Every structure is written in structure tokens, then in C-alpha cells.
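Engineer: here is a sequence together with a model predicted from it:
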Amino acid sequence: MKVLIADKFERSGVEGLRGAGCEVVYEPELKDDALVNAVKSTGADVLVVRGTKVTAPMLDSGRLSLIVRAGAGYNTIDVAGASRRGIYVSNCPGKNAIAVAELAFALILALDRRVPDNVAELRAGKWNKKEYSKAQGLFGRTLGLIGAGSIAQEMIRRAAGFGMDVVLWSRRFGGQDRPLSDQDARDLGVESVLHTIRIDLAPSPAEVAARADVVSVHLALAPDTKGLVNAALLERMKPGAIFINTARGELVDYAALADVVRRNAIRVGLDVFANEPAAATADFHDDLVTLPGVYGTHHIGASTDQAQEAIAAETVRIIRSYKETGRVPNVVNLAKRTPATHMLVVRHRDRPGVLAHVFNHLRRDNLNVQETENIVFDGAEAAVARINLDGAPSSPLCDRIKGENADILDLQVVQL
């Protein structure tokens with residue numbers, strides 16, 4: 001299996017792929033037309049990227065069957081185009097969660113104690129203990145989380161360490177307004193801190209903004225989350241509250257954010273921006289980061305050695321599984337539900353041509369196979385095939401399938 005890596009990637013990951021028997025082409029500077037040509041010339045089966053855009057011409061230029069996003073978000077990949085071409089898209093969810101949570105809390109602490117401003121004045125030769133002694137502190141305050149994924153879960157654990165209560169909104173809880181239950185906490189993996197701090201569910205993101213002293217956004221970018229943090233939500237924040245975004249710039253209306261910063265003295269920590277440069281180093285200007293009380297970092301949330309090593313290891317695991325079993329972990333573009341309405345269960349002797357016989361009859365009756373699985377019993381004498389269909393096979397069809405092949409032992413139709 002040939003793997004093309006078109007972004008910076010850990011040496012341990014490259015060596016792990018080679019150790020798995022993959023032929024690795026490592027060209028981390030590839031993008032645009034150069035990447036289209038490389039996909040074609042290398043004949044790669046697998047493409048590994050981080051921030052590099054994957055477009056339709058790349059999908060069409062070679063024989064790719066799997067794209068791995070060495071990270072969590074995959075909005076830079078033409079996922080719909082990959083789905084139309086039968087190309088798996090996989091990612092590495094949760095592997096950078098600790099790193100992003102650490103940066104989010106670094107921004108919260110920096111804003112509360114105005115650390116960058118302290119440093120700037122010291123470097124300018126000024127001592128101003130009178131001004132910088134003013135800080136509210138985090139203990140006993142409320143952290144508001146918009147989203148309940150792996151990063152938000154790490155935020156909850158760190159909030160407990162600082163003695164902060166938590167108010168949380170996520171679609172997974174259906175807009176409920178109640179304390180987090182023991183079962184909820186087990187599902188989120190935060191049961192160990194549930195009884196050390198108060199964790200409440202909020203019915204809406206705006207309600208989180210209204211209740212919290214610190215609001216931190218942890219959502220994936222999708223059509224229904226783009227611009228979710230809008231003027232109406234930001235207006236609900238308390239004067240002087242802290243707003244953190246380490247997720248995606250497109251989630252937030254930054255013009256509205258700048259407005260509430262000016263009017264309500266909201267303090268802001270950002271690791272992501274809507275107009276980020278494509279290159280790792282470039283000129284950058286955003287009026288928002290020039291405002292007092294706004295701190296920014298350079299989209300570095302996942303960029304710790306620990307996180308990158310974990311992502312590399314997960315990427316190797318995904319590709320190794322695909323190479324050795326044909327199964328792809330963490331696939332993001334499989335149908336959640338196919339058009340299948342009925343399952344044909346065929347118990348048969350494990351002989352050549354049995355399933356071909358079944359599929360041929362299904363084709364003649366214009367029944368499309370949506371999914372299929374064939375499980376072989378110990379000794380490889382018999383097997384059971386489960387075939388999901390987009391319609392109901394008729395009784396005469398079932399009789400023909402069974403009656404015309406002596407290796408079919410039994411046949412049943414199950415409505416899905």
C-alpha cells in the first residue's frame with residue numbers, strides 16, 4: 001500500500017507506516033496543482049494531510065481510496081466529493097484534546113491576570129504592581145462550554161482543578177435545563193469530577209453565555225454551526241466576562257464580537273481567525289486583536305509534541321487497519337442510515353459461486369444491495385450472509401434463489 005503524506009508529519013509516524021509495510025512518499029510542501037500531480041504520479045492509495053486542502057481534482061487524479069486527516073477537523077477536505085467517489089475519509093478525533101484544552105486555559109489565565117500586558121510593561125522598563133494586582137481569579141466562577149466533545153470534556157476536568165463550576169450546552173442533551181446526571185457524566189467520561197464541582201446543562205448556547213463568567217467554544221465547523229456565536233448570543237454575556245475560541249474562526253461573528261468588546265469590556269482569547277493566512281508564516285492583520293483586552297495566538301492549539309505524537313500514532317493505526325483488514329477506523333463519511341428496508345439472511349455452505357448466484361438473482365429483480373456481510377463458521381464448511389436490500393424480495397424470488405442452488409441451506413427475509 002502506497003501512502004502519500006502531503007503535510008508535516010512526525011518522524012515516528014513515517015517510521016510506523018514503513019514498519020507496517022507501507023511505501024511512504026513524504027512531501028510535506030505539496031498543495032494545489034503540485035498535489036494533484038503527485039497523487040497521479042505516485043499512484044498513492046492513501047493521502048495523509050493536516051491543513052492542506054483536498055479538492056475534487058485531487059480526488060480524480062489518481063487511485064486514492066482513503067484520505068486521513070491527521071487531526072480532528074476535516075473541513076479542508078471535499079468530503080462530499082470523496083463520498084461520491086467511494087473514497088473513505090478518516091480523522092483522529094480527541095488526540096489533540098488535551099493540548100487544545102491546555103491552551104484554552106492558558107488564555108483564560110492570561111486574560112484574568114493580564115500576563116501579556118505584565119510582560120510588555122516589564123520589557124519596556126515599567127513596574128506597575130498597582131495596576132496588575134487587579135484580578136478576579138477563577139475559583140468559584142462559572143465556566144460555560146458550548147459543545148460537549150473530547151476537548152470540552154478535558155475542559156471540565158481542568159475546571160474542577162481550578163474550583164470552577166460548569167454550565168454546558170450540547171445538542172446531545174437536547175437543550176435540557178438541569179444538573180448533569182451520573183449517567184451523563186459517565187457518558188462524557190467526567191464522572192470523577194461530578195461531585196467536586198457543579199455541572200449544569202443549559203437549554204441553549206445563549207443561556208450558557210448569560211450564566212457564565214468564562215465562555216469557551218468547542219464545536220466542529222458545519223453548516224449548522226457556522227456563525228452560531230452571533231451578536232444575540234454575545235450580547236447575553238456579562239460585562240467583563242471572558243470569551244475563548246480555540247475551535248474554528250467561522251463559528252463566531254467576529255464583527256459582533258469586536259462590538260461587544262468595545263461596549264461591554266468583554267475580554268477575549270482567540271487561537272483561530274476567519275481570515276487566517278494559508279502559509280505557516282505570513283503578514284497578518286485583524287482589527288479585533290488590536291483592541292484592549294483581546295489576546296491572540298497563532299492557531300497553535302494542537303501543536304504540542306505530545307499531541308502530534310498521539311495523532312501520528314492514530315494515523316498509523318488507521319492505515320494499518322485498512323491495509324490488514326480493509327476496515328477503516330474513525331470514518332466520517334459513511335451513511336448513518338442506508339436506503340435498505342429489508343435484510344436477506346442466507347445460511348449456506350462455504351462454496352464458490354453461492355453468493356454470486358444470490359446476487360445475480362437480486363440483480364434480475366432490480367434489487368440493490370446496500371450492505372453485505374458474510375460470516376464463516378469454524379472449519380469453513382458453512383457461512384451466513386446478511387444482505388441489506390433497498391426493497392423486499394418476493395416469495396417467488398426467494399424460492400428461486402434457494403431452489404436453484406443446493407448449497408443454500410436456509411433463507412429468511414427480515415424487515416428493517
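Structural biologist: Nice, I can see it. Numbering: from 1, shown residues only.
Engineer: the residue most central in space within the chain and residue 311: what is the separation?
Structural biologist: A centroid search over the chain (C-alpha atoms, centre = their mean) returns residue 72, at 3.9 Å, as the residue closest to the centre. Distance of residue 72 to residue 311, computed by C-beta to C-beta, to the nearest Å: 9 Å. Every C-beta, even on glycine, is put in place using the N, C-alpha and C of the backbone.
Engineer: what do the two both touch?
Structural biologist: 92, 95-96, 302 (C-beta atoms under 8 Å, 6 or more residues apart in numbering).
Engineer: let me have the residues you listed in a markdown table, adding neighbour count as columns.
Structural biologist: Supplementary listing: those in a markdown table, determined by neighbours: other C-beta atoms under 10 Å:
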| residue | neighbour count |
| --- | --- |
| 92 | 24 |
| 95 | 23 |
| 96 | 27 |
| 302 | 25 |
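Engineer: which one among those residues gets closest to residue 292?
Structural biologist: residue 302 (28.4 Å; C-beta to C-beta).
Engineer: need phi/psi at the closest residue to the closest one other than its chain neighbours.
Structural biologist: Nearest residue to residue 302, sequence neighbours excluded (C-beta to C-beta, 6 or more residues apart in numbering): residue 96, at 3.6 Å. Dihedral angles of residue 96 (phi, psi; degrees, to the nearest 10) stand at phi -110, psi 10.
Engineer: surely residue 96 is in contact with residue 70?
Structural biologist: No - counting by C-beta atoms under 8 Å, residue 96 does not reach residue 70; the two are 9.9 Å apart.
Engineer: what touches both of the two?
Structural biologist: In contact with both residue 96 and residue 70: residue 311, using C-beta under 8 Å, 6+ apart.
Engineer: state the helix or strand in which residue 40 lies.
Structural biologist: Using DSSP states H and E, residue 40 maps to helix 32-42.
Engineer: could you pull out the strands for the stretch 51-200 of the chain?
Structural biologist: Assigned by DSSP state E, counting those that start in this stretch, the strands in the stretch 51-200 of the chain fall at 66-69, 88-91, 142-146, 165-169, 178-179, 199-201.
Engineer: state the mean pLDDT of the first one.
Structural biologist: When the per-residue pLDDT values of strand 66-69 are averaged, the result is 97.
Engineer: the second one now?
Structural biologist: Here strand 88-91 scores 96 as its mean pLDDT.
Engineer: what's the span of stretch 73-80, first residue to last?
Structural biologist: Stretch 73-80 has an end-to-end distance of 15 Å (C-alpha to C-alpha, to the nearest Å).
Engineer: returning to what we had before: right, and the residue nearest to the centre of the chain touches residue 94 too?
Structural biologist: Yes - applying C-beta under 8 Å as the test, residue 72 and residue 94 come out as touching, 7.2 Å apart.
Engineer: from the shared contacts of residue 72 and residue 311, which single one is nearest residue 167?
Structural biologist: residue 96 (24.3 Å).
Engineer: list just the nearest of the shared contacts of residue 72 and residue 311 to residue 365.
Structural biologist: Of these, the one sitting nearest to residue 365 (C-beta to C-beta) turns out to be residue 92, at 42.7 Å.
Engineer: quick one, what contacts the closest residue to the closest one other than its chain neighbours?
Structural biologist: Leaving aside its sequence neighbours, residue 92 sits nearest to residue 314 (C-beta to C-beta, 6+ apart; 4.1 Å). By C-beta under 8 Å, 6+ apart, the contact set of residue 314 is 92, 95, 330.
Engineer: could you do residue 288 as well?
Structural biologist: Residue 288 sits in contact with 254, 257-258, 261, 268, 270, 294, where contact means C-beta under 8 Å, 6+ apart.
Engineer: tell me which of the residues you listed fall in helices.
Structural biologist: Among these, DSSP state H puts 254, 257-258, 261 in helices.
Engineer: by neighbour count, which of the residues you listed wins?
Structural biologist: residue 257 (24 neighbours; other C-beta atoms under 10 Å).
Engineer: next SSE downstream of the longest helix seen in the chain?
Structural biologist: Counting residues, the longest helix found in the chain (DSSP H) is helix 305-325. Per DSSP H and E, the first helix or strand lying C-terminal to helix 305-325 is strand 342-349.
Engineer: parallel or antiparallel, list what pairs with that following strand.
Structural biologist: Applying DSSP bridges, strand 342-349 is found paired with strand 382-389 (antiparallel), strand 408-415 (antiparallel).
Engineer: most tightly surrounded among those?
Structural biologist: Among the strands paired with strand 342-349, ranked by average contacts under mean count of other C-beta atoms under 10 Å, first place goes to strand 382-389 (a mean of 18).
Engineer: what does it rub up against?
Structural biologist: Under C-beta under 8 Å, 6+ apart, the answer for strand 382-389 is 338, 340-350, 355, 358, 362, 367-377, 409, 416.
Engineer: could you chop the protein up by domain?
Structural biologist: The chain breaks down by automatic domain parsing into domains covering 2-95+306-325, 97-301, 342-415.
Engineer: can you get me the start-to-end distance on the second one?
Structural biologist: From the first residue to the last, domain 97-301 extends over 9 Å; the measure is C-alpha to C-alpha.
Engineer: report the rounded mean pLDDT for that domain.
Structural biologist: Here the average pLDDT along domain 97-301 is 95.
Engineer: just give me the closest of the contacts of residue 288 to residue 284.
Structural biologist: Nearest to residue 284, judged by C-beta to C-beta, of the contacts of residue 288 is residue 270 at 12.1 Å.
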